[in-house]
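Novice: Any chance you could fold what I've pasted below:
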Amino acid sequence: MEKKISKTLKGIEEDIKNDDLGKARDRLHGLISTFPNELELRKKLGDIYFELKYPAMAGRYWYLEENKTPLMVHACIEFEKSMGNDINNIARALKYKGDIELLKGMELDPALLYKVKEKLVEEPDVPIEFKEDKLIILGCLSIIILIFIFALVGVYTFFKWIF
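Specialist: Below is the predicted model of the structure:
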């Protein structure tokens, strides 16, 4: 696993040296989805978005950074503004799928950032399985289709009987 990360990080560094930031960005997105607990990857992705002149997106990925520079803080503020300063929107946009225990130990200072951290730390909503509901919907659709078919057969038979 570490081998894969280091190999991909070398490729990312090469992409950055070759000024192919889009490819580096895409590789980092893949790494983050594969290794969500590696917060350093989020920082690197924020750096790339900042170089691409997207400060709000940079702030999105720098948001969980513990030691922010003034530049990072400004980008995080831009990100908050782009989300309407709504805690739910910010937490949803962060798309943090990693271990929640990592966030509990972090010391994040601004008030809004603290509230977002608390929102992220909350237990995720467990999706309700709708297996029974799907069967009911499938049954109702089957009955409607059968009624439609019988109606067509009845109309056909009626016209055949008359003519």
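Novice: Give me the neighbour count for R27.
Specialist: Number of residues near R27 (other C-beta atoms under 10 Å) recorded here: 20. To be clear about C-beta, it is placed using only N, CA and C from the backbone, and glycine gets the same treatment.
Novice: That one touches I12, doesn't it?
Specialist: Yes - counting by C-beta atoms under 8 Å, I12 is a contact partner of R27 at 5.1 Å.
Novice: For the closest residue to W62 other than its chain neighbours, identify the helix or strand it belongs to.
Specialist: Nearest non-adjacent residue to W62, counting by C-beta to C-beta, 6 or more residues apart in numbering: G46, 3.9 Å away. Taking DSSP states H and E as the definition, one finds G46 inside helix 39-51.
Novice: list the helices and strands that helix packs on?
Specialist: Secondary-structure packing of helix 39-51 (3 or more C-beta pairs under 8 Å, 6 or more residues apart in numbering; DSSP states H and E): helix 21-34, helix 55-62, helix 70-82.
Novice: Would you tell me which one of those helices is buried the most?
Specialist: Comparing those by mean neighbour count (mean count of other C-beta atoms under 10 Å), helix 55-62 ranks first with a mean of 24.
Novice: For that helix, output the C-alpha coordinates as CSV.
Specialist: As requested, the backbone C-alpha atoms of helix 55-62 are provided in CSV (Å, rounded to 0.1, in the frame of the first residue of the first chain):
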residue,chain,number,x,y,z
PRO,A,55,-8.6,29.7,-4.2
ALA,A,56,-12.0,28.4,-3.1
MET,A,57,-11.2,24.9,-4.2
ALA,A,58,-7.8,25.2,-2.5
GLY,A,59,-9.5,26.3,0.7
ARG,A,60,-11.8,23.3,0.4
TYR,A,61,-8.8,20.9,0.6
TRP,A,62,-6.8,23.0,3.0
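Novice: Spatially central, which residue of this structure would that be?
Specialist: Centroid-nearest residue in the chain: K95, 4.1 Å away (criterion: C-alpha atoms, centre = their mean).
Novice: So what's the gap between stretch 68-87 and the chain middle?
Specialist: Here stretch 68-87 is found 18 Å from its chain centre; the criterion is C-alpha atoms, centre = their mean, to the nearest Å.
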